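1. Structure, please.
(2 chains)
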Amino acid sequence: MARIQLVIFEIDGSEYGIDALTVNGILRAQKYKIQKIPGLPREIEGMINLRGHVNYIFNLRNKFGLTEMTDAEDSKFIMLHINGQVIGCIADEVTDIVHFNEEDLQAAPTLSSSLSVSYVKGIGKVDERMIIILDPVQLLSTAESSDLETPLVKLSDLAIPS
Amino acid sequence: MIQQGSQNTATSYEINLATLKLTDVIDIDFLQKFQDDFAKGVGVASVTVDQDGKPVTNPSMYTRFCIDYTHSTECGDKRCAESHRKGGEEAVRTGKPFVFECHAGLIDFAAPIIIEGKLLGTILGGQVLTSNPDEQKYRRIAGEIGVDADGYVAAAKEVRILSRESIESAANVLFAVATNMSKNAFQHRKLKAVAMVLDDSLHQISATMEELAASAGTVSDNQTNLNSEIGNVSSVTGEINSVMDLIKEIADETRLLGLNAAIEAARAGEAGLGFGVVAQEIRKLSGDSKATVGKIKEFTTIIRNSVDRTVAMGNETALTVEQQAAAIQEITASVEEITSITEQLTALANET
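-> Residues are numbered from 1 along each chain as shown, chains lettered A, B, ... in the order given. Modelled structure (predicted):
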């Protein structure tokens, strides 16, 4: 049995959890300007300049098929280590960091193979809270993310230090 | 205080009926002249006495019969006084002129001067006869009072003879004139007193109005000051709120720092356990700070609402004060009008 720590965040009223070891850091979205890039898939909101490095920012609302957030005052970027890169995703708010036993993880209900989503590891119960635990690699390693691998290196080289 | 003062003044102007004298309501010089002329014209003697029976005029047309004989002895004088007293009392009792025969056999009358039920004096007159004197009767009376009988009879014969109707008419005329003169004079005095009370009251009203106007001005000034003070409170509340925004910002930043520290601690594994506890404490602290900010903001909101209501009420008060001031001005104008009327009234009362 492994005991891990989960970073808990909120999107559209639901709580999501992600392994703290994969998290690089949390940023206040308000402090950064997202540069849009035309032609990229909807899941990618754009890119930011973080201490001289360019990082892609994923919009999970678009990925999950949710409506756009209107009041983004408390929004955070959760920066994740994915395959040697740091990629961010937008959360409405980061609420907590909790300890979690992996055996408390329940598999996500699968009604049919076509409906199952690969990036949901399962449902974690912390007290009375139901937390959707995400697999960061699956979350951001869709078809489009692999396409990004090649240009990313070049973009980070071109980044202008802030 | 003011009211009491005005009451005191009012009483001092009031005519006290108990101490009112005939000389207060009648011009004695005029009465004397009228009485003399009347006596000469009609041929009856007369004199006016006050309520105590003391003469206030000189006797007009007194007969020799009375002055030289009847009044010449102590007994006669006393009988005369007694006779007059009786006649006077009867006149007062009936409130009308009373015609009677005196102790010495002459016809006399008494006419009361009464104002509001109070006897101020009596006009006495007569010393006439209705027919030729009965010699025997006067000789007897001369004996009674101790005067020379022959002379007394001779004097009685000199006494003027008038019909009873004439005497009664003469008495009525004197009564009517004296009573009306007194009444007029009394009414006049009353009018004067009322005018003076009115004048005094109006002065007091004017003074009070001035005080009222001044205090209305003070209230208005105070309200303005109050409003500006409240404005200060309002702006300080705004400043507190902006400071609170800053504190909330710091709390948010601290919380983020705590989260990131916790992530770092998690990544450090066993070595990061202690640091993780510290990171958790930092997050807790930031949460407390944020909650406190929320509470303070609730309070400042309450203050602001209260200030807004106070300002609204203050404005209402200012409006009311303004209306009051306008009303006071109107009253002052009316009082001025009444004052000028009163002045005319006083002038009229003082004329005669």
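2. how about the residues of chain B near chain A?
-> Contact residues, chain B versus chain A (C-beta under 8 Å from any C-beta of the partner chain): B:252, B:253, B:256, B:259, B:260, B:262, B:263, B:266, B:267, B:280. For glycine as for every other residue, the C-beta is placed from the backbone atoms N, C-alpha and C.
3. list the contacts for the second one?
-> Taking C-beta atoms under 8 Å, 6 or more residues apart in numbering or on different chains as the contact definition, residue B:253 lies against residue A:28.
4. Check the first one too.
-> Contacts here follow C-beta under 8 Å, 6+ apart; on that basis residue B:252 touches A:28, A:74, B:286, B:290.
5. so where do the helices sit in the chain?
-> Reading this off chain A. With DSSP state H as the criterion, chain A has helices at A:60-64, A:136-140, A:143-158.
6. hm, I was asking about chain B
-> Counting by DSSP H, the helices of chain B are B:2-13, B:22-25, B:28-42, B:64, B:74-94, B:135-145, B:149-158, B:164-267, B:273-351.
7. Write out the residues of chain A neighbouring chain B.
-> A:5, A:7, A:20-21, A:23-26, A:28, A:74, A:76, A:94, A:97.
8. Let's see that with 10 Å instead.
-> A:4-7, A:9, A:19-28, A:30-31, A:73-74, A:76, A:78-79, A:81, A:94-99 (C-beta under 10 Å from any C-beta of the partner chain).
9. Quick check on those residues: which are buried?
-> A:4-7, A:9, A:19-20, A:22-28, A:76, A:78-79, A:94-98 (16 or more other C-beta atoms under 10 Å in any protein chain shown).
10. How about residue B:58, nearest residue that isn't a chain neighbour?
-> Among residues not flanking residue B:58 along the chain, residue B:32 sits closest, at 6.5 Å (C-beta to C-beta, 6 or more residues apart in numbering or on different chains).
11. Could you do residue A:48 as well?
-> Closest to residue A:48 by C-beta to C-beta, 6+ apart is residue A:32, at 4.5 Å.
12. count of neighbours near that neighbour?
-> 17 (other C-beta atoms under 10 Å in any protein chain shown).
13. Would you mind confirming that it makes contact with residue A:57?
-> Yes: applying C-beta atoms under 10 Å as the test, residue A:32 and residue A:57 come out as touching, 8.3 Å apart.
14. what do the two both touch?
-> A:47, A:48, A:50, A:77, A:88 (C-beta atoms under 10 Å, 6 or more residues apart in numbering or on different chains).
15. what's the closest of those to chain B?
-> residue A:77 (10.9 Å; C-beta to the nearest C-beta).
16. Residue B:151 versus residue B:93, what's the distance?
-> Per C-beta to C-beta, to the nearest Å, residue B:93 is found 36 Å from residue B:151.
17. okay, those two: which has more neighbours?
-> More neighbours surround residue B:151 than the other of residue B:93 and residue B:151, with 14 against 10 (other C-beta under 10 Å).
18. In this structure the more buried one contacts residue B:70, no?
-> No: counting by C-beta under 10 Å, residue B:151 stays clear of residue B:70, with 11.4 Å between them.
19. tell me, what's touching the two both at once?
-> By C-beta under 10 Å, 6+ apart, the residues touching both residue B:151 and residue B:70 are B:64, B:142.
20. Any stretches of chain A with poor pLDDT?
-> Scanning chain A with the threshold set as pLDDT under 70 gives A:1, A:70-71, A:110-116, A:141-162.
21. rerun at 90
-> A:1-5, A:12-13, A:29-32, A:36-45, A:50-53, A:59-74, A:81-85, A:95-96, A:98-130, A:134-162 (pLDDT under 90).
22. Residue A:61 is in contact with residue A:16, isn't it?
-> No: Residue A:61 is not in contact with residue A:16 according to C-beta under 10 Å; the separation is 11.7 Å.
23. Looking at these two, which is more packed in?
-> residue A:16 (23 against 20).
24. since we're on the residue nearest to residue A:12 when sequence neighbours are not counted, how many residues are nearby?
-> For residue A:12, ignoring the flanking residues on the chain, the nearest one in space by C-beta to C-beta, 6+ apart is residue A:66 at 4.8 Å. For residue A:66, the count of nearby residues is 14 (other C-beta under 10 Å).
25. what's near enough to touch residue A:66?
-> A:11, A:12, A:13, A:14, A:59, A:60.
26. Which one of those is nearest to residue B:101?
-> Closest approach to residue B:101 among these (C-beta to C-beta): residue A:13, at 130.1 Å.
27. what about the residue lying closest to residue A:33 once chain neighbours are set aside, distance to residue A:91?
-> For residue A:33, ignoring the flanking residues on the chain, the nearest one in space by C-beta to C-beta, 6+ apart is residue A:48 at 7.1 Å. For residue A:48, the distance to residue A:91 (C-beta to C-beta) stands at 15 Å.
28. Start from the N-terminal end of chain A and give the strands.
-> Here chain A has its strands, by DSSP state E, at A:3-11, A:14-19, A:23-28, A:44-50, A:53-58, A:76-82, A:85-91, A:93-101, A:105-106, A:120-126, A:129-134.
29. Pairing partners for the last one, with directions?
-> It stands for strand A:129-134. Sheet pairing of strand A:129-134 (DSSP bridges) gives strand A:14-19 (parallel), strand A:120-126 (antiparallel).
30. Next: the shortest one.
-> Strand pairing for strand A:105-106, determined by DSSP bridges: strand A:120-126 (antiparallel).
31. Show me what counts as buried in the strand ranked longest in chain B.
-> In chain B, assigned by DSSP E, the strand with the most residues is strand B:118-128. Buried positions in strand B:118-128, judged by neighbour count with 16+ other C-beta under 10 Å: B:119, B:120, B:121, B:122, B:123, B:124, B:125, B:126, B:127, B:128.
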